[in-house]
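Engineer: Need a 3D model of the following:
(chains A, B, C and D)
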Protein chains: 2
Amino acid sequence: MKITSRFTVAVHTLLAIYVLGKEYKMTSDFIASSVNVNPVVIRRTLSSLKSAGIISVKAGSGGAMPVKDADDVTLYDLYTAVDCVEGDLFNFHENPNPKCPVGKNIHAVLDLHLSAAQTALENELKGVTLADLMKQLNLFM
Amino acid sequence: MKITSRFTVAVHTLLAIYVLGKEYKMTSDFIASSVNVNPVVIRRTLSSLKSAGIISVKAGSGGAMPVKDADDVTLYDLYTAVDCVEGDLFNFHENPNPKCPVGKNIHAVLDLHLSAAQTALENELKGVTLADLMKQLNLFM
DNA sequence: ATAGTTGTAACCATTTTGATTACAACTATA
DNA sequence: TATAGTTGTAATCAAAATGGTTACAACTAT
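Structural biologist: Predicted structure coming up:
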């Protein structure tokens, strides 16, 4: 199974807010038309990003604005903000048989390797900041 | 979303076959009682592992046996054998708006970072062989 | 011939996802 | 202060993936 598109939607949303926010009022409708999803999906994303302390959103009059410095926001922050993965990335079959030597020890044998893989993924995400993405984006604009 | 338990089931299944295969006939029922899932789930797993050339299964009389050397089977091989992830690990929202500077370039900005993260995960899995797991398992048995 | 298996199709319930509708609450401003 | 434009959130919905389960034809060792 793939990791939910909430993640890339969140990245796209944030980039829009940080890059276009000075020029336009960043409403959920505006962002939705850039990402090309339903505005409610964006509002949910904004809600998560707000909870994570990354942006602020004006209720009523509307518009999202940066709170955190772009250097202080990593892809990993977004990945956790939108709950891509809760806890372990790898699902484990429940209740392996403790009467079998393999079933009894499968966790002891496997768990560390699985977390190492998950950590490798997450560390990679921690190494990329929103500021990095903005720099790259500016090369194209 | 998490990565399907087919993966850990496959690891468990293979360990059972490689470690207990000399002592017992490894039928889907036997393995199922160690993993603690339905035997049909194990048969599906065996089918994938057979297609990957890792084991052989005797139709009729029953029983799975190693084909590949345990040193030549990595966690990554199992991960691909059971189709944990087809292609990209990260789902991407489709059709970002090409009229928006962000929507137009979001792939150019993000794709490499996402594949880097996926590769980091997969490389970690490539670094662990079935033989490694068997050694660890023997310490506990 | 028979008993025990495998291989596979079929169907189900559950969960997750993202789309969508609906509407109360809020706020700038005319 | 009335209004228009938003946000926040609940409620539904359809689609897809997952794993469980039943069923049964095909196979094989004895």
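
Engineer: touching chain B at all, stretch A:109-123?
Structural biologist: Yes. If you take Cβ under 8 Å from any Cβ of the partner chain as the test, stretch A:109-123 does meet chain B, through A:109, A:110, A:113, A:114, A:116, A:117, A:118, A:120, A:121, A:122, A:123. Where C-beta positions appear, they are placed from N, C-alpha and C, glycine not excepted.

Engineer: Rebuild those residues as CSV, extending it with secondary structure.
Structural biologist: Shown next, in CSV, are the residues of stretch A:109-123 next to chain B (DSSP: H, G, I helix; E, B strand; the rest coil):
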residue, secondary structure
A:109, helix
A:110, helix
A:113, helix
A:114, helix
A:116, helix
A:117, helix
A:118, helix
A:120, helix
A:121, helix
A:122, helix
A:123, helix
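
Engineer: Could you tell me which of those residues count as buried?
Structural biologist: A:109, A:110, A:113, A:114, A:117, A:118, A:120, A:121, A:122 (16 or more other Cβ atoms under 10 Å in any protein chain shown).

Engineer: To what extent is the closest residue to DNA strand D within chain A buried, counted in neighbours?
Structural biologist: Closest to DNA strand D within chain A is residue A:62: 2.4 Å, counting by Cβ to the nearest atom of the strand. Using other Cβ atoms under 10 Å in any protein chain shown, residue A:62 is surrounded by 13 other residues.

Engineer: what's the nearest residue to residue A:25 if we skip its chain neighbours?
Structural biologist: Residue nearest to residue A:25 in three dimensions, not counting chain neighbours: residue A:63, with 4.5 Å by Cβ to Cβ, 6 or more residues apart in numbering or on different chains.

Engineer: need the contact list for that neighbour.
Structural biologist: A:25, A:26, A:27, A:57 (Cβ atoms under 8 Å, 6 or more residues apart in numbering or on different chains).
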